[in-house]
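**Student:** Okay, structure incoming, though there's no sequence with it:
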C-alpha cells in the first residue's frame, strides 16, 4: 500500500491548538509540486480552507512571520504560529499565473520587490545580528557549493571558471544582503483576476539573502533583456535601481544557479525523476554563465 503523504501533517494537527480552534477536519492531498513538500491545504468543518506550512524549526517559523509582516500586502496573511507550524490564508480567489501573464506583469513584480526592500529597511530588518548570521550563512553556503563542484559535479576547468568569476564579483560588489523573495516564477505568484491583486505565496523562501536573489530566480523564466529592463523599470519607480546593472545581475545569477545546482546534487536519489532529468541542462547553464566574457541579458535558460 502506498504511503499516505499527508500522514505527518495529520499527526501535527492532532497536537495543534489552532487546528482545534479552527475546526480543521482534514488535510488535502497535494495537487501540485508547490504543496507536496512542507505545505498542505487543510479544510475546516465549515468548508473554509487554510494553508499549513511546516518550517524547519520554530525559530525559522518566527523569522518568516516577522519578515512577511514587513510588507503584508504582497503575501498571504499569517493567521497564526505554533512552534514550527505557520497557518496561512489560502487565497481562495487567487489563481496561479501563466508565463505570459507573469511577463506582462514584470514591472509590477519589480515594484513588489522594491516595496519589500523599502518596508524591511523602514522596520530595520534584518537586525544587525540577523545580518551577521545571514552573511555567515551565505559565505558558508558558497564555500560548500564550490567544494561540491570541485568534487566532480563539474570538470576542473569549469569549476575553476565558476570560482574565479564569483571571486571577481565578490571583490567588486562584496556580498550585499536584503530581505528577498527566493524563487519568483509563475507558480509562486497568485493573481486575483477581479482587481489584479498579486501575492507571492512561497513564504518558505522569504529570507535574508544576497541582494536581488529575486531577480536572479526571475530571469530563469523571464530570460530576455527586455524582461530584465521591465523589472528594473518597475523597481525604479519606487527605489533607486542603480545597483541593478548587467554586471551585478550576472554576479547574483551565478550565485543563485550554483546554489540550485548544488542543492539538486546533494538531494541525489531523493530528487524526483523530472528534476533529475533537468540537472544536466542546469549544469550547462551554470557553465555558460561562468564562461561568458561579458554579461548577456538574453539568458536563454533551460526551462524544461
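**Tutor:** It's in. Keep in mind the model is a prediction, meaning the values are calculated, not measured.
**Student:** following whichever strand or helix holds residue 133, which helix or strand comes up?
**Tutor:** Element membership for residue 133, per DSSP states H and E: helix 128-148. Beyond helix 128-148 on the C-terminal side, the first helix or strand identified by DSSP H and E is helix 156-173.
**Student:** ok so, going back, and the helix holding residue 133, how far out from the chain middle?
**Tutor:** 17 Å (C-alpha atoms, centre = their mean, to the nearest Å).
**Student:** Likewise for stretch 169-181?
**Tutor:** Distance of stretch 169-181 from the chain centroid (C-alpha atoms, centre = their mean) equals 16 Å.
**Student:** Would you mark the buried spots in it?
**Tutor:** 169, 173, 175, 177-181 (16 or more other C-beta atoms under 10 Å). From N, CA and C alone the C-beta is placed, and that goes for glycine too.
**Student:** contacting residues around the most centrally placed residue in the chain?
**Tutor:** For the chain, the residue sitting closest to the mean C-alpha position, by C-alpha atoms, centre = their mean, is residue 182 at 2.2 Å. The contact partners of residue 182, by C-beta atoms under 8 Å, 6 or more residues apart in numbering, come to 202, 205-207, 209, 213-214, 217.
**Student:** Sort out for me which of those are in helices.
**Tutor:** Among the contacts of residue 182, DSSP state H puts 213-214, 217 in helices.
**Student:** among the residues you listed, who's most crowded?
**Tutor:** Using other C-beta atoms under 10 Å as the neighbour test, the ones in helices among the contacts of residue 182 are led by residue 214, with 28 neighbours.
**Student:** Against residue 185, how distant is it?
**Tutor:** With the distance defined as C-beta to C-beta, to the nearest Å, residue 214 ends up 11 Å from residue 185.
**Student:** repeat for residue 206
**Tutor:** Counting by C-beta to C-beta, the gap from residue 206 to residue 185 is 15 Å.
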